[in-house]
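Visitor: Predicted structure and sequence below. I'll ask about it afterward.
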Amino acid sequence: MTKQPATKTTQPTSKRQSTWQSVVVILALLLSTTSLTLQIVDYLKGDTPITFTTTGTDGNSANFQEGSIADIAKQVTPSVVSVVTETRTTSWFGQEQSATAAGTGVIVSADGYILTNKHVVDGAEEINIITDDGTTYTKVTVAATDPINDIAFLKIQDVDSLPAAKLGDSKTINVGQQVIAIGNALGQFQNTVSSGIISGTGRSVTATNQSATKAENLTDMIQTDTAINAGNSGGPLVNAAGEVIGINTAVSSQGQGIGFAIPISSIKGMLKSLVKNGTASRAYLGIYYLSITPEIAKAYNLPVSVGAYIYSNSQYTAVLNGSPAAKAGLKDKDIIVSINGTRVGVAGSVSSLIGEYQVGDTIQFSILRGDQTMAINVTLGAYQ
């Protein structure tokens, strides 16, 4: 039996619902006390570098010129792989059945680390990777999963010279910016290229699988009109400089030209730790907050229209006892304006922005406390 290629569809919420949904999703994940420490396969630890774009001209300021889409696609395509999975189930009559599905991944290190979506490999008993040149790798395992994002980190064993993609900066993306998507369209057409623009940022959606048996809330997503087809899940969203700025994850069930990708910067902290140490935990802050919109600012009489409002109510304590936030001195009703100079709510949510850092990193928060502006250094912890 052949299962349909891995994909997700989304149900957008109203503006008011979207705001609160974003809060609930983030906070539930921050406070959960189970399944937050990642189970990591014990790989040999290497020093294989990942190519992050951190200096020079911002790749998101580049535009495609005549013929350049083909050039960028040719540059990135060798780093894009098909992820083929096999699952086994037992029927009511005791017969074992197998099903195959296909998604996409992107190589991020020469020694075989690959980014894809969690839902692409969910429940898989076997994972095969097929590269652009047709090489098939069968020694593939799930090295880690992200407890917040729909992201899985795969590892091909016994390789050291795979073509790794260059990762860009999703914090500086712009609405209207040109992008391309590369993926295993329909699970059959390997490394299909489609082009479009970034339609919006900071989107909150509810994603389901094709049978609507599973649902997941996704926040701070990149919206794009670039065609993302069944099987494209886990593939890269690429800017005009050939840099990966997002991982394609979901498409809308209510209209054409509406797709969503996870910002690449929100994954970098775990990826750096995994490649460097062979283990990965997500950086943890330990607060409840509301992502500030003009609507939230009016409702709570806040002096700013963007940022993050540290907030408590009868059910939740704003700052968790013993958390990195508590140790640093963050308090209820503080407004987080920026993190290491990056504007919260403009370049991403608090959760996404701290995702760029590793456990143990010390970062500076600019906050408003009453009528005072303060700088507070926070050393990030790990999910326990």
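Guide: Thanks, I have it.
Visitor: number of nearby residues for Gly381?
Guide: 18 (other CB atoms under 10 Å). No exception for glycine: its C-beta is placed from N, CA and C like everyone else's.
Visitor: so what's it bridging to?
Guide: Tyr284 (DSSP bridges).
Visitor: Next up, the contacts around it.
Guide: With contact set as CB atoms under 8 Å, 6 or more residues apart in numbering, Gly381 has these partners: Ala283, Tyr284, Leu285, Gly286, Ser323, Pro324, Val359.
Visitor: If we use 10 Å, what do you get?
Guide: Taking CB atoms under 10 Å, 6 or more residues apart in numbering, we find Gly381 in contact with Ser281, Ala283, Tyr284, Leu285, Gly286, Gly322, Ser323, Pro324, Ala325, Lys327, Val359, Gly360.
Visitor: And Glu356, by the same measure?
Guide: Going by CB under 10 Å, 6+ apart, the list of residues near Glu356 reads 52, 169-171, 263-272, 283, 339-340, 342, 348, 363.
Visitor: Among those, which are located in helices?
Guide: Lys268, Gly269, Met270, Leu271, Lys272 (DSSP state H).
Visitor: Sort the contacts of Gly381 by pLDDT and name the bottom one.
Guide: In terms of pLDDT, Ser281 ranks lowest among the contacts of Gly381, with 87.
Visitor: in stretch 174-192, what's buried?
Guide: 177-185, 187, 190-192 (16 or more other CB atoms under 10 Å).
Visitor: Single out whichever of the residues you listed has the smallest pLDDT.
Guide: Gly187 (64).
Visitor: Excluding residues flanking it in the chain, which one is nearest Thr138?
Guide: Once flanking residues are discounted, Thr138 sits nearest to Asn128: 5.5 Å by CB to CB, 6 or more residues apart in numbering.
Visitor: Check what pLDDT that neighbour gets.
Guide: Reported pLDDT for Asn128: 95.
Visitor: Also Thr219?
Guide: 85.
Visitor: Would you mind confirming that it makes contact with Thr249?
Guide: No: applying CB atoms under 10 Å as the test, Thr219 and Thr249 come out as separate, 11.7 Å apart.
Visitor: show me the contacts for the residue lying closest to Asp132 once chain neighbours are set aside.
Guide: Closest residue to Asp132 apart from its sequence neighbours, by CB to CB, 6+ apart: Pro78 at 4.9 Å. Applying CB under 10 Å, 6+ apart, we find Pro78 in contact with Ile107, Thr131, Asp132, Asp133, Leu162, Pro163, Ala164, Ala165, Asn191.
Visitor: With Lys118 as the reference, measure out to Pro78.
Guide: 24 Å (CB to CB, to the nearest Å).
Visitor: Which parts of the stretch 1-150 of the chain are helices?
Guide: 15-31, 68-76, 118-121 (DSSP state H, counting those that start in this stretch).
Visitor: between these, which gets the lowest average pLDDT?
Guide: Per-stretch mean pLDDT for these is lowest at helix 15-31 (a mean of 30).
Visitor: Please name the nearest non-neighbouring residue to the residue nearest the centre of the chain.
Guide: Nearest to the geometric centre of the chain sits Ile262, at 3.7 Å (CA atoms, centre = their mean). Leaving aside its chain neighbours, Ile262 sits nearest to Ile247 (4.7 Å; criterion: CB to CB, 6+ apart).
Visitor: what about the longest strand in the chain?
Guide: What stands out as the longest strand in the chain, according to DSSP state E, is strand 189-208.
Visitor: residues near Val346, how many?
Guide: Taking other CB under 10 Å as the criterion, the count of residues near Val346 is 13.
Visitor: Isn't it up against Ser338?
Guide: Yes: using CB under 10 Å, Val346 makes contact with Ser338 at a distance of 8.8 Å.
Visitor: intersection of neighbour lists for these two?
Guide: Shared contacts of Val346 and Ser338, counting by CB under 10 Å, 6+ apart, come down to Gly307.
Visitor: Across the sheet, point out what pairs with Gln372.
Guide: Applying DSSP bridges, one finds that Gln372 bridges with Arg369.
Visitor: That one and Lys331, how far apart?
Guide: Distance, Gln372 to Lys331, by CB to CB: 12 Å.
Visitor: More neighbours: these two, which one.
Guide: Lys331 (15 against 7).
Visitor: Not counting residues beside it along the chain, what's closest to the more buried one?
Guide: Nearest one to Lys331, counting by CB to CB, 6+ apart, is Val319 at 6.4 Å.
Visitor: Please give me every residue in contact with the one you found.
Guide: 285-289, 310, 312, 325-332, 334.
Visitor: again, 8 Å this time
Guide: Gly286, Ile287, Tyr288, Ile310, Ala325, Ala326, Leu330, Lys331, Asp332.
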